[in-house]
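Participant: what's the 3D shape of this:
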Amino acid sequence: MKFKATFSSVGVQWLERFAPIFDKLGKELSVLFTPNSIHLVQNHAESGGIEIHADLLKDEVFDACLLQSANDNKIGVRLEPASLCRVLRGLVGSEATHVEVKLIKREVAPGTSLPFLCFDSKGVVDVVQDVPLAGPLNRREVEDLETIVQANVVDVPYWLCLDRAATEAAHAAVERFRAVGDVVELATTKAGSLHLTTNKGGHVALGAELRGAGVLPASEDRYESSRAGGGGAWDGGTGRGTGTQPGLEDESAGPCERLAESKACGEASVANVGTRTLRRSLSGVASNPSRALVGVAGHGRHVELVFRYDRQAVRGPDAVGLMVRMPVEEDDELERWEEDSD
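Facilitator: Numbers count the residues shown, from 1 in each chain. Next up, the predicted model:
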């Protein structure tokens, strides 16, 4: 088993963006090296209830890489994210111009050797730093990591595409929710709106509506398709007489009315998510994404959140991503929460 690589001009900076997020979420982080990519992964037990992984193309992070193993040239390790953060901050702070990393075994006591990731940097000051490891992981453990990585971005009928300002606004809203309720109703609409509401004692106490988001795929964007269809009143068989077409929101209505209309027309996807879970999921805002995609899975069992970095990546918009899968609250959990709120 061999691993040795030379960082690209942006490789250290990418890892330094993501490592603090994982450090905030938990005390253990898995790193998976494959012939084409690098993945930083935390499962729901390690992160406090969510599945989260940063995915980077190998060529975005490394200029050169030697990777060999009996497991299809894949190597997985576990480490403390705090240790990785310290090393990466040191590399950025020392303005290292050349950084190599390799998997080594170092003798820590007579007859005892343990694995480390060794970072050898040259710059204003030449420094060698080690990050202790657990592993390398066996084949089954590597497969478990791959299952988490490959599970995202499936079974979601449509996505809302939030720009940076909207993503930060959603994060700020959920931060306020923590003092009000333990559960957030998250709703996306095909008219491009994200609704976040929490309540206490059965009444809506605090909410946020973010409008004007793009809808992906475009075929699900009811605002665009309705606008392309021309004007005209719409009854829709509801008898409401709103004077809007399907998918076009009534500008004269309030957020609650607009959401109720979308639900009644089958144009909304709704999930109840723990406030703490949603807060942890939105911690990816700290990585300075260009935008975020949010979608409710078709079977309603989880919500997907994808942070995108677009032109920030040297190798193209798909070179870097941060994926989050958050579970929804079960009905019995909601009933207990509502009883406690009464």
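Participant: What segments of this structure are helices?
Facilitator: 11-25, 44-47, 58-61, 81-93, 139-151, 164-177, 222-228, 255-264, 275-281, 331-341 (DSSP state H).
Participant: want to throw the ones you listed into JSON lines with mean neighbour count, mean pLDDT and distance to His299?
Facilitator: Backbone N, C-alpha and C define where each C-beta goes, glycine included. Below are the helices of the chain laid out as JSON lines (neighbours: other CB atoms under 10 Å; pLDDT from 0 to 100; distance: least, CB to CB, whole Å):
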{"stretch": "helix 11-25", "mean neighbour count": "21", "mean pLDDT": "96", "distance to His299": "25"}
{"stretch": "helix 44-47", "mean neighbour count": "18", "mean pLDDT": "92", "distance to His299": "18"}
{"stretch": "helix 58-61", "mean neighbour count": "20", "mean pLDDT": "97", "distance to His299": "33"}
{"stretch": "helix 81-93", "mean neighbour count": "18", "mean pLDDT": "93", "distance to His299": "32"}
{"stretch": "helix 139-151", "mean neighbour count": "15", "mean pLDDT": "94", "distance to His299": "13"}
{"stretch": "helix 164-177", "mean neighbour count": "17", "mean pLDDT": "94", "distance to His299": "23"}
{"stretch": "helix 222-228", "mean neighbour count": "17", "mean pLDDT": "49", "distance to His299": "22"}
{"stretch": "helix 255-264", "mean neighbour count": "17", "mean pLDDT": "89", "distance to His299": "18"}
{"stretch": "helix 275-281", "mean neighbour count": "21", "mean pLDDT": "95", "distance to His299": "18"}
{"stretch": "helix 331-341", "mean neighbour count": "12", "mean pLDDT": "47", "distance to His299": "14"}
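Participant: Of all these, which one is nearest Lys200?
Facilitator: Comparison of those against Lys200 by CB to CB identifies helix 331-341 as nearest, at 5.7 Å.
Participant: any idea of the mean pLDDT in stretch 69-76?
Facilitator: In this model, stretch 69-76 carries a mean pLDDT of 95.
Participant: buried set for it?
Facilitator: Applying a neighbour-count criterion of 16 or more other CB atoms under 10 Å, one finds Ser69, Asn71, Asn73, Lys74, Ile75, Gly76 buried in stretch 69-76.
Participant: Now the two most distant members of the residues you listed.
Facilitator: Across the buried residues of stretch 69-76, the longest distance by CB to CB is 11.9 Å; it joins Asn73 and Gly76.
Participant: For Pro35, grab the count of nearby residues.
Facilitator: 11 (other CB atoms under 10 Å).
Participant: right, and it touches Ile75 too?
Facilitator: No. Applying CB atoms under 8 Å as the test, Pro35 and Ile75 come out as separate, 10.3 Å apart.
Participant: Contact partners for Val270?
Facilitator: Neighbouring residues of Val270 by CB atoms under 8 Å, 6 or more residues apart in numbering: Glu185, Leu186, Ala187, Lys263, Val296.
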